[in-house]
Every structure is written in C-alpha cells, then in structure tokens.
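Undergrad: Quick one: sequence and predicted model below, then my questions.
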Amino acid sequence: MENIEKRLKGILIDYGIDRSKISKDSDYYFDLNLDILDLMGLAKKIKKEFLISIPENEILRMERISDTIYFLEKKSRPMFLHN
C-alpha cells in the first residue's frame with residue numbers, strides 16, 4: 001500500500017504541510033498544527049484524489065497520518081462476496 005502513502009503525502013504537501021514533518025506517526029493536531037477545519041479541507045482533497053466518501057465521524061477519528069492510511073487501505077480492499 002505504498003502507493004496510498006505516497007499519494008496521501010502528495011496531498012499533504014499540496015495542502016501546504018512541510019514535507020519534513022510528514023511521517024506515519026505525525027499527529028494532525030500536535031505535529032502538523034492543523035485544526036478540525038483543516039482536516040475537513042484535507043478530507044475533501046482525499047475524497048477527490050481517491051474517489052471515495054469519508055463519513056464525518058471517520059474524519060474526526062483520524063488523529064494521525066497512519067489513521068488515514070489505514071482508512072484508505074480498508075476502503076481500497078476489494079470486497080468479496082461470501083456464500
């Protein structure tokens with residue numbers, strides 16, 4: 001899922017976040033100094049890039065970049081039908 005991480009990093013950089021502060025462990029609030037409005041703005045860009053929907057309650061749960069990567073990985077896994 002390296003591609004997801006790379007694409008997300010590109011979104012964060014385009015949003016104006018210093019690339020040296022971006023790591024999987026970066027906290028949006030404490031390390032990147034973002035607030036909830038910033039996260040909502042980022043969510044719009046992520047939705048557009050990955051062509052997905054992100055419920056607001058999921059956005060509020062994302063505190064670290066790793067949380068977002070995990071969410072995107074879950075969304076990108078193929079769904080299999082069970083008999």
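TA: Structure's in. What do you need? Note that the structure is a prediction, hence the values are computed from the model and not measured.
Undergrad: I'd like to know which elements the lowest-mean-pLDDT helix or strand in the chain is packed against.
TA: In the chain, no helix or strand scores lower on mean pLDDT, DSSP states H and E than helix 56-61, which sits at a mean of 89. Applying 3 or more C-beta pairs under 8 Å, 6 or more residues apart in numbering; DSSP states H and E, we find helix 56-61 packed against helix 36-50. In short, each C-beta sits where N, CA and C put it, glycine included.
Undergrad: so what's the closest residue to residue 9 other than its chain neighbours up against?
TA: Distances taken as C-beta to C-beta, 6 or more residues apart in numbering put residue 22 closest to residue 9, at 5.6 Å, once the chain neighbours are dropped. Taking C-beta atoms under 8 Å, 6 or more residues apart in numbering, we find residue 22 in contact with 9, 12-13, 32, 65.
Undergrad: Need phi/psi at residue 22.
TA: Dihedral pair for residue 22: phi -90, psi 120, per degrees, to the nearest 10.
Undergrad: Out of the contacts of residue 22, which end up buried?
TA: Buried by 16 or more other C-beta atoms under 10 Å: 9, 12, 32, 65, out of those.
Undergrad: Distance of the third one relative to residue 5?
TA: It stands for residue 32. Noted for residue 32: a distance of 16 Å to residue 5, by C-beta to C-beta, to the nearest Å.
Undergrad: ditto for the last one
TA: Taken as C-beta to C-beta, the spacing of residue 65 relative to residue 5 amounts to 8 Å.
Undergrad: Now the common contact residues for the two.
TA: The contact lists of residue 65 and residue 5 share residue 24, where a contact means C-beta under 8 Å, 6+ apart.
Undergrad: low pLDDT regions in this structure?
TA: The chain contains residues with pLDDT under 70 at 1, 78-83.
Undergrad: tell me the contacts of the residue most central in space within it?
TA: When C-alpha atoms, centre = their mean is applied to the chain, the residue found nearest the centroid is residue 68 (3.5 Å). By C-beta under 8 Å, 6+ apart, the residues touching residue 68 are 8, 46, 62.
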